[in-house]
Structure formats: C-alpha cells, structure tokens
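Enquirer: here are the coordinates; sequence isn't available:
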C-alpha cells in the first residue's frame, strides 16, 4: 500500500496535518444556513437558549467522533476521495452512497445559491438570481484550479470568518447584552434539543467525506484522530458565538436572514457590509468544497487528473442545476424540508456502515507505516 504524499515540513506541515482538516470541515458545513443564521434558527432556537447550546454541543461532539473515525479509515485505506472511501467501506454496495451524495450536493448547493441571492437582495435590492449567479462564477473559478487553490481558500477565508464573528460577538454584547442576559436567565431548555442537535449534525457529516483529499497530508493514524477530534470545535465555534447573540431575540426564528436582521439592530452599516462579505466568502468556500469533491470523484473514476477545461465544465454544469433549484424554492424552504431528509439518508448510507463495517475492517486492517522522513 502506498504512503501518503508529504508536501510540507515544519509549521506548514503541522497546520496541514492537524488544523487544515477542521478548517476544511468548517468550510463545508458553514454554508448558507449556518452563516446566515437560518440553520441555527431552524434547529436550535425552539429549544431555548440553554437547550440550543446543549444541542450545539451534542452536534459538535458528534462531528468530532465521526470525523476522527472517517479520517482514520481514510488514512488506513489510503482513500483520498469519497469514491475510494466507500469502495473500501461498502464494497460492491458503494453506489448507494453515490446516490446519497448526489442528493446532498444538489440540496446543499441549492441552499448556498439561495443564500447568496438573499444577501444580494438584502444589501443591494438586487433580483435574487443576481447573487446566485455571482456565487456560481466565483466558485467555478476556484474549483477550476484543483487541490492547492481550494486549500488556500479554506485557510484564508477562515481567518476572515473567525475574526468577523469575534467582532460581531463583542459588538452584540456591548449593544444589547441586557436582552441576551435576560433570555439566558430564564434557564429555558426546551424539549427535543438532542433531536435538533443530532439532526443538524447528521446532514452536515457529509463534510467529513467531502474533504477527504486533506487526508493525504497525514503522516499517521494519530494525525487522523487528532484532526478529526479538532474538527467539531473548529466548525462549531463561530456558530456558538452567533447563537448566543441570536438567543436574545426569539422573533429571529422566522427571519429568512437572521444575521442581517441582527446586524440591522446593531446599527453599524459598515460592519453589516463586512459581515455579509464574510458570509458570501463562506458560501464560496462551502460550495467550492462540494464542487471540488465532485471533480475529484471524476478524476478518480478516470484514474487521472482533470484538465482545466473539464473542471470548469463539470463545475458549471452542476452549479447551473443547483442554482435553478435555488431560484425556484428559496432558502427557508430548502433548509426546513431538505436538510432533515439528508440527515436520514446519510445516517443509513454512511453513519451506520462506518460504525459497523468500518470498525470491523479497521480492527482487521493494518495501518500503513508512518513516514518518518519529515518529522520535525
């Protein structure tokens, strides 16, 4: 069995092995609903402030455990794309996940397109299709240039994203901290917080499979486990801060763009613009992660690298279909109806097989040797 390719040393190597997978996972899951607040309103606000935080903790722990096992299985079997991963996991039944992945890709990209359209309409009063088409063009450009371009996108957008969320958290508390504290003082833990957390975690776990190309940087099984355990908190931290701010205003549950409604309450037009630029950037990295996984799947099938023309063609075709769906149904409907279905589909085709067949195969498969030549 071949060893993973080692491309970097020192600090850069450490970043790629342990932090990049979590940032890449965050890039896929933040998407249209998390970044806009729509997913947080849909899955967590009904449980109250404390119940919502419990649900988010439940989701983060689930992400960490499943990501660690996914990366570990990917490293041991040298699976650097979802096609190879499921051929090792499911054998001749691997095609069942292919159908599930196609459904996930279409629904998720449609959500991202709808979110981009809603942002353009809220900020500039553009027709919804304008923001959607803009997202499509930027994503196609990034996905066209392969692994390195995609990984740089994950890295630099992450800096912007974490910084903006921290500033947002500080501004929110200095502006309406009393309202937030009052809501938390009621100690509300609504029923169904565990279901909400597991449902939210369930459909987002597709991210662990989408980002399998980053496993090629890992030097050993320990790297896979550590990177997976870090993925949950890295992905959930911005959502955790955002939800605390949202919790002071339960009426946001019915808003299409809870983030923009909250930003309007802050009364800082320049920061509102910066926040929406950050959201659009998050949509770009989420969409790019999915499109890149599709391109890598095609490259794996033909056992070779795709040319620039083919990457652009595949990206454009997939995005066009999804953006038409986005224009037809809109953000709220797609999140409320599509995501719960995806959670069930992924549970059957991915989570159950990984926790049964995957664990059995790991117990009987020898891990590839560590590459010691670049140890710091």
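Expert: Sure, I can see it. Values in this document were obtained by computation on a predicted structure and should not be read as measured data.
Enquirer: correct me, but residue 239 touches residue 56?
Expert: Yes: assessed by CB atoms under 8 Å, residue 239 is found in contact with residue 56 at 6.4 Å. No exception for glycine: its C-beta is placed from N, CA and C like everyone else's.
Enquirer: who's in contact with residue 255?
Expert: Residue 255 makes contact with 37, 41, 261, according to CB atoms under 8 Å, 6 or more residues apart in numbering.
Enquirer: run through the stretch 201-350 of the chain and note the low-pLDDT ranges.
Expert: 327, 329-338 (pLDDT under 70).
Enquirer: repeat that with 90
Expert: For the stretch 201-350 of the chain, the stretches flagged by pLDDT under 90 are 202-207, 210-211, 213-214, 216-217, 219, 238, 242, 247-270, 272-312, 314-348.
Enquirer: all helices of the stretch 51-200 of the chain, in order?
Expert: 82-90, 95-124, 128-143, 146-185, 193-204 (DSSP state H, counting those that start in this stretch).
Enquirer: right, and residue 62 touches residue 198 too?
Expert: Yes: if you go by CB under 8 Å, residue 62 and residue 198 touch, sitting 6.5 Å apart.
Enquirer: neighbour count: those two, which is higher?
Expert: Per other CB atoms under 10 Å, whichever of residue 62 and residue 198 has more neighbours is residue 62, with 19 against 16.
Enquirer: how about the nearest residue to that one, chain neighbours excluded?
Expert: residue 201 (3.9 Å; CB to CB, 6 or more residues apart in numbering).
Enquirer: hang on, isn't that neighbour packed against residue 59?
Expert: Yes: using CB under 8 Å, residue 201 makes contact with residue 59 at a distance of 3.9 Å.
Enquirer: run through who's touching stretch 60-72.
Expert: Here stretch 60-72 has contacts from 21-22, 25, 29, 85, 197-198, 201-202, 204-205, 208-209, 212, 215, 218, 221, 224-233, 235-236, 351, 354-355, 358-359, 362, using CB under 8 Å, 6+ apart.
Enquirer: what subset of those residues is buried?
Expert: Buried subset of the contacts of stretch 60-72 (neighbour count, 16 or more other CB atoms under 10 Å): 21-22, 25, 29, 85, 197-198, 201-202, 204-205, 208-209, 212, 215, 218, 221, 224-233, 235-236, 351, 354, 358, 362.
Enquirer: hang on, the earlier thing: closest to residue 289 among the contacts of residue 255?
Expert: For these, the closest approach to residue 289 (CB to CB) belongs to residue 37, at 20.4 Å.
Enquirer: phi, psi of that closest one?
Expert: phi 90, psi -10 (degrees, to the nearest 10).
Enquirer: ok, now which ones touch it?
Expert: Residue 37 makes contact with 242, 246, 252, 255, 257-259, 262, according to CB under 8 Å, 6+ apart.
Enquirer: at 6 Å what do you get?
Expert: Listed by CB atoms under 6 Å, 6 or more residues apart in numbering, the contact set of residue 37 reads 258-259.
Enquirer: how far out from the middle of the chain is stretch 145-165?
Expert: 13 Å (CA atoms, centre = their mean, to the nearest Å).
Enquirer: give me the contact list for it.
Expert: Identification of contacts with stretch 145-165 by CB under 6 Å, 6+ apart yields 23-24, 27, 142, 213, 238, 241, 275, 278, 281-282, 285, 288, 292.
Enquirer: give me the buried entries from the residues you listed.
Expert: 23-24, 27, 142, 213, 238, 241, 275, 278, 281-282, 285, 288, 292.
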